[in-house]
Structures are given as structure tokens and as C-alpha cells.
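Chemist: Mind looking at a prediction? Sequence and model below.
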Amino acid sequence: MDYVIRFLYCLFKAALIVAVVLLLCMGGFLMAMNASNIYILVSDGMSMRTSVVMGLSDAEELPKFFSDDCILSDDIYNDMTYLDYDMESFESEVDLISMHTLPWEDTATVSLTQEVNAVVGYLPISKQTPEQLADPNRIPAPGWQTASFELTLEKTDDQWKIVDMQPIETPQEAQE
């Protein structure tokens with residue numbers, strides 16, 4: 001009888017170890033899956049936001065990345081800086097500062113910095129002032145301001161969306 005109890009104890013211990021290892025692997029997989037989905041959503045969403053402001057993309061694409069409330073509360077869509085310019089392209093780079101999500105949560109918090117380089121666009125001749133027409137050089141579009149944000153994301157129907165976007169002050173901005 002003593003052998004049976006020891007055998008069952010060893011069997012239970014081995015099953016418990018296997019179950020814990022499987023749970024840890026599953027949790028790690030879910031965290032990695034969420035992190036990669038969030039990174040892709042955030043980088044593509046911020047790029048789409050910039051593209052809409054510059055007039056290169058249609059605003060109807062934004063709900064794929066942002067909630068309706070987030071779109072309505074973002075004042076950048078009222079920016080008319082690039083309205084008169086014929087925009088051709090830009091390069092957007094998103095650097096993640098931090099990301100927090102757990103496998104069992106349906107929310108995530110991401111801090112990031114967006115830098116837009118190589119803004120290519122020119123003011124058409126028809127929209128130039130007489131002073132600008134006197135200079136034979138083409139007038140390039142203004143650059144994009146580098147900014148840092150804290151994003152809140154929610155997972156609804158197995159799809160992540162950015163629901164809140166708050167600008168954060170970088171150490172460089174605090175010194176100025």
C-alpha cells in the first residue's frame with residue numbers, strides 16, 4: 001500500500017509540474033501575441049493618422065485602428081497645415097517607450113514617440129503668393145513635429161483598437 005501512495009504522489013507531482021509548464025508557455029504565447037498585435041496596430045495606426053492629416057489617405061481607414069471617440073477627440077484632424085500642399089510621401093517611425101498588457105486583460109497601455117521624416121510635398125504654383133513666385137525654387141511642405149503619446153488600447157471582439165491618446169512631455173520639451 002505504501003508503494004501505491006508513493007507512486008500516486010510522484011504521478012501527481014509530475015502532472016502538476018507539466019500543467020504549470022504548459023500554463024506558463026500558454027501565458028508567454030498570449031503575451032507575445034498581444035505584444036506583436038499591439039505593436040503592429042500602433043505603428044500602422046500612427047502612420048495612417050499622419051497620412052490622413054497630410055491628405056494622402058482617406059479618413060474612412062481610421063476606424064480600423066482608432067475608436068470613434070478617439071478620432072473625434074483628436075484635434076490633429078483639424079490641422080490645415082498640409083491642405084494647400086501637393087503631398088507625395090513621408091516616412092513615419094514609431095519608437096515604443098513602454099508597453100503594458102497581461103494575457104488575461106483586454107486593455108493595454110503604450111507609451112511611444114512618433115517621428116516623421118522625409119516629408120515630400122510642394123506648394124503648387126497656383127497657390128503661391130507673388131513673393132513666393134518671384135523665387136524660382138519649389139516651396140517644400142513643412143516638417144512634422146515629433147511627439148510622444150500615451151495610448152490606451154482595448155480589445156473588443158478579438159481586435160485591438162486605440163481608444164485614448166494623450167500627448168506626453170518628453171525630457172527635451174521640459175528643458176525648453
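Modeler: Good, I have the coordinates. Numbers count the residues shown, from 1 in each chain.
Chemist: Quick test: name the residue nearest the centre of the chain.
Modeler: Most central residue of the chain, judged by C-alpha distance to the mean C-alpha position with C-alpha atoms, centre = their mean, is Val42 at 1.7 Å.
Chemist: Now name the helix or strand holding that one.
Modeler: Following DSSP states H and E, one finds Val42 within helix 2-53.
Chemist: Centre of the chain to stretch 4-17, how far?
Modeler: Computed by C-alpha atoms, centre = their mean, to the nearest Å, the separation of stretch 4-17 from the middle of its chain amounts to 48 Å.
Chemist: ugh, typo on my part, it should be stretch 76-92
Modeler: Averaged C-alpha coordinates place stretch 76-92 at 19 Å from its chain's average position (C-alpha atoms, centre = their mean).
Chemist: what's the answer for stretch 14-24, then?
Modeler: Remark: stretch 14-24 is offset 35 Å from the chain centroid, using C-alpha atoms, centre = their mean.
Chemist: do the same with stretch 128-140
Modeler: Going by C-alpha atoms, centre = their mean, where stretch 128-140 is centred and where its chain is centred differ by 37 Å.
Chemist: re the thing from before, help me confirm that the residue nearest to the centre of the chain comes into contact with Val110.
Modeler: Yes. Counting by C-beta atoms under 8 Å, Val42 sits close enough to Val110 to count as a contact (5.6 Å). Any C-beta I mention is one placed from the backbone N, CA and C, and that applies to glycine too.
Chemist: residues in contact with the residue nearest to the centre of the chain?
Modeler: With contacts taken as C-beta atoms under 8 Å, 6 or more residues apart in numbering, Val42 has the following neighbours: 94, 96, 110, 112, 151, 153, 162.
Chemist: If we use 6 Å, what do you get?
Modeler: By C-beta atoms under 6 Å, 6 or more residues apart in numbering, Val42 lies in contact with Val110.
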